[in-house]
Every structure is written in structure tokens, then in C-alpha cells.
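[1] model this:
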Amino acid sequence: MPAEQINRAARRQKSFQPGTWMNGDQVITLHVLDISESGARAHSPMPPSEGRCVPIVCGLPLGRAVVRWVSASTFGLEFVVPISTDTVAAVLKLTPR
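    Numbering: from 1, shown residues only. Below is the predicted model:
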């Protein structure tokens, strides 16, 4: 397990919210598997490469995030500007239960 997954700054909350990331002009689908103010873990059939900074939308715009690790189709994201607890709550509220 990558160190970024173990030593994260904020506790992640489980989610399964569909969203997107942008690859140039191409919109790529993803699912956010968990989320916190500092980052998220996501799954995509076409994950971005490690180190890449990508815009993330997950029911609402979450801003840009740096890809910290990739394992097959799952990847870890660190938000360039941390999102608020209200934004985390809004994403979780959108998550199908």
C-alpha cells in the first residue's frame, strides 16, 4: 500500500459517486471511492498517470488534484487546494445509498 494511502492528513469517508476528470478536451469517467478535505481515492477505466494534475468533477467541481499513486484502475488524488468539509458533505449527500 503506498505511503500516501497510510499517512493522509484527513480521514476519508466512503463514497461511490460518479464523476469525471479531463484529459485535454476528453472527458473521462471515474467513481470516487472515498473522499476527504485533502484528497480522494478513485477508480477509472482510464486512470490518469502518477504526478499528473487533473480537474475533478464529482457531482460538483472539486478543483484540481495531483495523482499521487496509481494501481491498475484505482488511483489516489491530493487536492491542490483542500476542499471544505461542506463540499465533502455535499459529495456524500449525492452518493447513492
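[2] Quick check: what element follows the lowest-mean-pLDDT helix or strand in the chain along the chain?
    Among the helical and strand segments of the chain, the one scoring lowest on mean pLDDT, DSSP states H and E is helix 3-6, with a mean of 46. If you walk from helix 3-6 toward the C-terminus, the next helix or strand you reach (DSSP states H and E) is strand 13-23.
[3] Tell me the gap between that next one and the middle of its chain.
    On the basis of C-alpha atoms, centre = their mean, to the nearest Å, strand 13-23 is displaced by 6 Å from the centre of the chain it belongs to.
[4] same question, stretch 64-83
    6 Å.
[5] How about stretch 38-46?
    Distance of stretch 38-46 from its chain centroid, counting by C-alpha atoms, centre = their mean, is 4 Å.
[6] What residues of that stretch count as buried?
    Buried residues in stretch 38-46, defined by neighbour count with 16 or more other C-beta atoms under 10 Å: 38-42, 44. The C-beta positions use only the backbone N, C-alpha and C, and glycine is treated the same way.
[7] cool, and stretch 86-97?
    Of the residues in stretch 86-97, those with enough neighbours to count as buried (16+ other C-beta under 10 Å) are 87-88, 91-92, 95.
[8] Contacts for it, please.
    Where contact means C-beta atoms under 8 Å, 6 or more residues apart in numbering, the residues beyond stretch 86-97 that reach it are 13, 15-17, 32, 35-37, 58-60, 62.
[9] about what we covered before: which of the buried residues of stretch 86-97 lies closest to Trp21?
    Distance to Trp21, by C-beta to C-beta, is smallest for Val91 among these, at 14.7 Å.
[10] related to what we said a few turns ago, export the buried residues of stretch 86-97 to CSV and tack on secondary structure?
    Listed next are those as CSV, based on DSSP: H, G, I helix; E, B strand; the rest coil:
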residue, secondary structure
Thr87, helix
Val88, helix
Val91, helix
Leu92, helix
Thr95, coil
